[in-house]
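Engineer: quick one, what's the 3D model for this:
(one chain, ligands or ions: 1)
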Amino acid sequence: MHIKSTTFVKSATKPANYPPAALPEIAFAGRSNVGKSSLINVLVNRKALVRTSSTPGRTQLLNFFDINGAFSLVDLPGYGFAKVPLAVKKEWGPMVRTYLERRESLRAVVVLFDIRRVPREEDLQLLDWLEELSVPTIPVITKIDKVSRGQRLKQIGPILEATGLDRDDFTLFSAPTREGMEEIWERVEAALEA
Ligand code: GDP
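Structural biologist: Next up is the predicted model:
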């Protein structure tokens, strides 16, 4: 996709504050530090459209962006950051679950996994919700430049095992090399057109 404009629209925590669902929407989700901000910034070709979400104690928000006036991009709050206070941690589930249930314009969620980490409870919870609510899912494995090509398949074994997904369900991505960027765009565009 050729990016002509990227505009921050607003932040929200609850449906009453979401912007109007005027455009088809794609959301991005993943554990804090998984590389979500980096991936979004590479996709939209901006240095810092989104900032890293892993600031301890900060209120977690859904951040809505307009891309090209053609679709809406939502940066969902990262989860699993150890230093986030329990009260803030507890907000994540209801906030994200409500968004997934209520957002009529949502077309797909890009779910990120770090190639060096075994998925944990929140990752699997999120996948369960997406399946239950029939939200199309675009699974991506990030930071693939951190392991050698020969080690990739071995390294993603635990991710396949934990999620029950197949190798072909995942796009492999690296922010510094941009490998996988085109494939993610193709999957996003297909979801927008579906
Ligand atoms: P977020 O918390 O999910 O938004 O994660 P960030 O995008 O802020 O990335 C967390 C850290 O991982 C930062 O230090 C990034 O530079 C680094 N990072 C993100 N993506 C990649 C990647 O594909 N490869 C490598 N080597 N590092 C990455």
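Engineer: alpha carbons only for contacts and neighbour counts from here, please
Structural biologist: OK.
Engineer: ok, residues contacting stretch 129-143?
Structural biologist: 34-35, 97, 100-101, 106-115, 169-175, 187-188, 191 (CA atoms under 8 Å, 6 or more residues apart in numbering).
Engineer: if any of those residues are buried, put those into a ChimeraX selection.
Structural biologist: For the buried members of the contacts of stretch 129-143, the matching ChimeraX selection, counting by 16 or more other CA atoms under 10 Å, is:
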select :34,35,100,106,107,108,109,110,111,112,113,114,115,170,171,172,173,174,175,187,188,191
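Engineer: out of the contacts of stretch 129-143, who's near the ligand?
Structural biologist: Restricting those to those near the ligand by CA under 6 Å from any ligand atom leaves Val34, Gly35, Ser174, Ala175.
Engineer: go ahead and confirm the first one touches Arg116.
Structural biologist: Right, Val34. No: look at Val34 against Arg116 with CA atoms under 8 Å: they stay out of range, at 9.8 Å.
Engineer: which residues are common contacts for the two?
Structural biologist: In contact with both Val34 and Arg116: no residue, using CA under 8 Å, 6+ apart.
Engineer: list the helices and strands the host helix or strand of Ala29 packs on?
Structural biologist: Taking DSSP states H and E as the definition, Ala29 sits inside strand 25-30. Applying 3 or more CA pairs under 8 Å, 6 or more residues apart in numbering; DSSP states H and E, one finds that strand 25-30 contacts helix 36-43, strand 71-75, strand 106-114, helix 181-193.
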